[in-house]
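Engineer: next input, structure requested:
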Amino acid sequence: MAGEIRYDQTAETPVTEGLRPDPGVTPVVADGMGCHAGAAEMEAAARAAGNSEVLDRYAADYPQGPHDKPQSMCPAFGSLRVGLRMRRVATVLSGSACCVYGLTFVSHFYGARRSVGYVPFNSETLVTGKLFEDIRDAVHELADPERYDAVVVTNLCVPTASGVPLKLLPNEINGVRIVGIDVPGFGVPTHAEAKDVLAGAMLAYARREIEAGPVAAPERGRSDRPTVALLGEMFPADPMMIGAMLSPMGLAAGPVVPCREWRELYAALDSGVVAAIHPFYTAAIREFQAAGRKVVGSAPVGYDGTMGWLAAIGDAYGVNPAQVAAAQNAFGGAIRGALAANPITGRITLSGYEGSELLVARLLCESGADVAYVGTACARNEWSAADRDWLEARGVVVKYRASLEDDCAAMEAFRPDLAIGTTPVVQKAKELAIPALYFTNLISARPLMGPAGAGSLAQVVNAAMANKARMDGMKDFFEGVGTGDTAGIWEGAPNLRPDFRAAHQKKLEKAAKAAAAEAMI
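Structural biologist: Numbering: from 1, shown residues only. Now for the predicted structure:
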């Protein structure tokens with residue numbers, strides 16, 4: 001579909017009816033399998049149940065790190081959040097009740113304000129295949145074209161390990177698209193990459209619709225200029241800033257993927273160039289490339305980043321070099337001025353699992369900060385190469401698939417004036433009297449692009465570093481209250497009972513030896 005997309009202003013594109021479920025299909029589940037099981041056991045059960053193709057694709061798209069389980073929140077929160085942010089899209093979860101409770105709680109904590117569907121199961125319905133029938137019935141009940149454009153069904157760990165075959169659901173029901181995805185914690189390492197699982201699945205569906213015939217035009221109409229699709233969730237002002245920087249080149253900002261409504265998927269695929277602002281969207285990039293679209297990595301952050309990104313976009317679209325220079329000149333001075341007016345002085349370590357960590361590090365460096373370490377939970381790929389090379393050329397240690405242990409070790413080794421990271425990193429920093437900021441809520445939720453982003457971090461970062469004396473005072477005040485098992489105020493000496501610890505450790509070692517012996521048989 002490398003050519004122009006045909007739009008139909010009056011009708012949706014008909015889609016082909018999908019496979020009907022085979023009543024003879026029986027999912028497989030390992031005895032005693034549950035969320036508490038090890039990742040290796042869950043993966044083995046999933047492969048035995050016929051899900052090898054899905055797991056192999058995830059292994060290629062999202063290479064695992066040093067740990068076999070996510071160290072952040074459940075990855076499915078990422079795909080759930082994408083679905084809940086889309087208009088006229090219903091979301092249904094299939095998984096253990098505890099997992100569904102946690103995911104819905106977190107989604108509403110972040111302001112979902114929308115119901116999440118849940119298909120419960122027990123051991124019998126899981127093993128006999130009745131769970132699939134219940135999911136199919138729920139989808140048929142939900143598929144109301146007056147309310148929804150699509151229904152997203154997500155298998156969590158246990159249904160994936162049991163082989164519940166969402167691919168056998170119909171492709172559409174009453175004109176409502178049905179999108180089924182598996183998002184197991186043992187296959188998708190981070191919630192950021194789970195966003196890509198759903199975004200990629202939706203783009204694949206939309207691309208098939210486009211290839212079948214005319215599709216519905218975007219609600220706001222088609223742009224009169226060539227557009228650049230923006231890949232990755234951003235602060236709301238960033239797409240507008242990017243659009244302003246593209247304007248001198250005769251270009252416009254296209255939709256942000258993940259999209260907010262189904263029609264935007266068509267407009268995104270209609271863009272000639274895709275900006276991989278967040279580089280971990282592997283499945284989405286694959287769909288854009290299959291549609292014949294060019295992909296450009298990095299983002300317009302700081303002066304160097306913006307100049308390089310504008311040049312790369314211009315080259316991808318074949319824009320006249322004079323127009324590219326005009327765009328660079330129009331915004332380069334403002335960015336330099338904002339950076340100079342909002343300096344940051346001090347050593348910083350930075351880590352997170354949102355996928356934008358390298359971009360934030362570049363902005364901090366150009367603001368004057370001494371960034372010693374950047375850790376991201378996402379994997380290394382070609383779309384972050386420009387950012388990685390830029391940072392490493394300035395002596396910054398860049399760690400992909402960084403574990404919590406990596407981030408804490410870097411913080412302890414570099415002893416920064418400020419640690420930016422995930423909740424446990426911030427907690428560890430405060431124990432060491434190091435000022436710290438939570439990356440997700442306090443850093444990534446700010447404009448980063450162009451002149452607006454150039455001065456956006458200085459106030460919060462400088463204010464946090466200024467709290468060093470307060471942190472020292474708090475540590476002195478609580479000195480001697482104990483840590484771990486001895487935390488708190490005791491009337492006498494803490495009763496640690498090392499004999500209990502030794503006995504329990506022997507039981508663990510005995511169980512480990514027994515498991516190793518069984519594995520050899």
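Engineer: flag the shaky bits of the stretch 1-150 of the chain, pLDDT-wise.
Structural biologist: The stretch 1-150 of the chain contains residues with pLDDT under 70 at 1-4, 6-38, 67-70.
Engineer: now the strands: where do they sit in it?
Structural biologist: 7-8, 89-94, 117-118, 150-155 (DSSP state E, counting those that start in this stretch).
Engineer: of all these, which one comes closest to P170?
Structural biologist: Nearest to P170, of all the strands of the stretch 1-150 of the chain, is strand 150-155, at 10.3 Å by Cβ to Cβ. For every residue, glycine as well, the C-beta is placed using N, CA and C.
Engineer: could you list the paired strands of that closest one along with their orientation?
Structural biologist: Strand pairing for strand 150-155, using DSSP bridges, gives strand 89-94 (parallel), strand 176-182 (parallel).
Engineer: about what we covered before: would a markdown table of the strands of the stretch 1-150 of the chain with mean neighbour count and distance to M449 be doable?
Structural biologist: A markdown table is the format used below for these (neighbours: other Cβ atoms under 10 Å; distance: least, Cβ to Cβ, whole Å):
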| stretch | mean neighbour count | distance to M449 |
| --- | --- | --- |
| strand 7-8 | 15 | 29 |
| strand 89-94 | 25 | 27 |
| strand 117-118 | 18 | 36 |
| strand 150-155 | 26 | 29 |
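Engineer: nearest to G129, of these?
Structural biologist: Counting by Cβ to Cβ, G129 lies closest to strand 89-94 out of the strands of the stretch 1-150 of the chain; the figure is 13.0 Å.
Engineer: starting at the chain centroid, how far to that closest one?
Structural biologist: 18 Å (Cα atoms, centre = their mean, to the nearest Å).
Engineer: CA atoms only: put that strand into CSV for me.
Structural biologist: Presented in CSV, the C-alpha positions along strand 89-94 are these (Å, rounded to 0.1, in the frame of the first residue of the first chain):
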residue,chain,number,x,y,z
VAL,A,89,-13.2,1.3,21.8
ALA,A,90,-14.2,-1.3,24.4
THR,A,91,-11.5,-3.2,26.3
VAL,A,92,-11.9,-6.7,27.7
LEU,A,93,-9.4,-8.6,29.9
SER,A,94,-9.0,-12.3,30.3
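Engineer: so what touches that strand?
Structural biologist: With Cβ atoms under 8 Å, 6 or more residues apart in numbering as the test, strand 89-94 has contacts from 76, 80, 83-84, 99-100, 103-104, 114, 116-119, 121, 131, 135, 138-139, 142, 147-156, 159, 164, 261-262.
Engineer: now, of the residues you listed, which are buried?
Structural biologist: The neighbour-count criterion (16 or more other Cβ atoms under 10 Å) marks 76, 80, 83-84, 99-100, 103-104, 116-119, 121, 131, 135, 138-139, 142, 148-156, 159, 164, 261-262 among the contacts of strand 89-94 as buried.
Engineer: show me where pLDDT drops low in this protein?
Structural biologist: Applying pLDDT under 70 to the chain picks out residues 1-4, 6-38, 67-70, 519-521.
Engineer: let's see that with 50 instead.
Structural biologist: The chain contains residues with pLDDT under 50 at 11-32.
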